[in-house]
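Student: Just need the structure, nothing else, for what follows:
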Amino acid sequence: MTEFNSQLVVDWHHTHGRKHLPWQKGEQTHANPYHVWLSEIMLQQTQVVKVIEYFDRFISKLPTLNALATADEQTVMALWSGLGYYNRARNLHKAAKQCVELHQGELPQSRAALEALSGIGRSTAAAIMSLAFDQPEPIMDGNVKRVFARQFLVKGEPNKASTLKQFWSLAERHANHTDPAGYTQGLMDLGATVCKKSKPLCNRCPIENSCMARAQDVIADYPEKKKKVVQKEVKLHVQMVIDTNKETLYLQQREGRGIWPNLWFFPISEWAPDEEPLFMLTHKLTHRILQLHVYPQTAAVKSELTQPIKRSELIKYPHPKALIHILNHYDNHHLP
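Tutor: Here you go, the predicted model:
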């Protein structure tokens, strides 16, 4: 076996890596720091193919960090609707305001100052430093963990403190100082397109010869599988209020706690109405499985509890994906 060589990852990236994602530098010398930051936050828990659509829409509406900082919260949350993990959007908005207050409306160019901003952890700060400012700061996202776990036979669940400590130590030891941005993007691309969770393409890997898992034929054992999250089943009785033409919804903004805080949704009751539901749907969240029992409601509910919102303008109102799930089912089955 050979020693791990970070330059091989850089060289592979320049030939085979992804270079046309909307937040990448394009013809510029360095990537736009705001674009890098936004993409890194969106990519947490979300796949690239889905993020691209949201990123483009977000940037078209809020093209600069200052535009984000001065936007109202509802605009920000509406642009985030459907991406889930809504605290990411709230922290993004808060951090933009912090940049205006503390850093003249720019993202700071030190990892420590970036980590002091809301919602930015060590890996996100390092990604900004390396991709936007070309500094040799190691990152540690899911793709990089997988590459390192197989390269160096790192045992333990990837997000355990003891395992993370090993990952960070390896990342610091094998940082690349000649092309930090190319190395960072190369590692992420390598994990996403070659060193995949299942059926990795080892024969296309530039560091195959230094991979200890490959040498010992134990690739499938690394990284160690996470223990499955136990999902709690929750039954919700949804009062669907919609006009006969299906063009106007009657929604209410939820409280700032509990499920879907501050998002717009149909009224939810804790008890089942006397009538039968129109339909029932299962909607899965990270820690919950929602059983949505959807009931038609009368005009009285419209004035007392809700606000009329045209479906064509729903994008302006932050809402959970479950709302779209209900509407799609309603439309597709042509229910009265």
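
Student: Poorly predicted segments of this structure, please.
Tutor: The model of the chain has pLDDT under 70 over residues 25-29, 298-304, 334-336.

Student: which residues of it fall in strands?
Tutor: Along the chain, counting by DSSP state E, strands occupy 232-240, 248-253, 264-265, 268-269, 279-284, 288-296, 307-310.

Student: Partner strands of the third one, with direction?
Tutor: Using DSSP bridges, the neighbouring strands of strand 264-265 in the sheet come out as strand 248-253 (antiparallel).

Student: How about the fifth one?
Tutor: Strand 279-284 has the following sheet partners, assigned by DSSP bridges: strand 288-296 (antiparallel).

Student: what's the most buried one of the strands of the chain?
Tutor: The highest mean neighbour count among the strands of the chain, using mean count of other C-beta atoms under 10 Å, belongs to strand 264-265: a mean of 23. In this view, the C-beta of every residue, glycine as well, is placed from N, C-alpha and C.

Student: hmm, who's touching it?
Tutor: 238, 251, 252, 253, 254, 309, 317, 318, 319, 320, 322, 323 (C-beta atoms under 8 Å, 6 or more residues apart in numbering).

Student: of all the residues you listed, which two lie farthest apart?
Tutor: Comparing every pair within these by C-beta to C-beta identifies 238 and 318 as the most remote, at 17.7 Å.

Student: Report all helices and strands that the longest helix anywhere in the chain contacts.
Tutor: The longest helix of the chain (DSSP state H) is helix 87-102. On a contact count with 3 or more C-beta pairs under 8 Å, 6 or more residues apart in numbering; DSSP states H and E, helix 87-102 meets helix 33-42, helix 65-70, helix 73-80.

Student: the inter-axis angle of the longest one versus helix 73-80?
Tutor: By that I understand helix 33-42. 70 degrees (axes from the mean of the first three to the mean of the last three C-alpha atoms, to 10 degrees).

Student: buried sites along helix 33-42?
Tutor: By neighbour count on 16 or more other C-beta atoms under 10 Å, the buried set for helix 33-42 is 33, 34, 35, 36, 37, 38, 39, 40, 41, 42.

Student: is it true that residue 132 touches residue 33?
Tutor: Yes. Contact status for residue 132 versus residue 33: in contact at 4.0 Å, counting by C-beta atoms under 8 Å.

Student: shared neighbours of the two, anything?
Tutor: residue 107.

Student: all helices of the stretch 151-300 of the chain, in order?
Tutor: 161-173, 180-193, 212-215, 299-305 (DSSP state H, counting those that start in this stretch).

Student: Which among the ones you listed is found nearest to residue 101?
Tutor: helix 180-193 (28.4 Å).

Student: Check what contacts that closest one and list those residues.
Tutor: With C-beta under 8 Å, 6+ apart, helix 180-193 has contacts from 6, 9-10, 12-14, 16-18, 24-25, 30-31, 48, 126-127, 129-131, 134-137, 139, 141-147, 175-176, 201, 205-207.

Student: Would you mind giving the orientation angle of it with respect to helix 161-173?
Tutor: 130 degrees.

Student: Sort out which residues of helix 180-193 are buried, please.
Tutor: For helix 180-193, by 16+ other C-beta under 10 Å, it's 180-192.

Student: can you list those residues in a markdown table and add distance to residue 212?
Tutor: As requested, the buried residues of helix 180-193 are exported to a markdown table (distance: C-beta to C-beta, whole Å):
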| residue | distance to residue 212 |
| --- | --- |
| 180 | 25 |
| 181 | 27 |
| 182 | 24 |
| 183 | 20 |
| 184 | 22 |
| 185 | 24 |
| 186 | 20 |
| 187 | 17 |
| 188 | 21 |
| 189 | 21 |
| 190 | 16 |
| 191 | 16 |
| 192 | 21 |
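
Student: neighbours around residue 320, how many?
Tutor: 20 (other C-beta atoms under 10 Å).

Student: How about residue 201?
Tutor: Here the number of neighbours of residue 201 (other C-beta under 10 Å) works out to 11.
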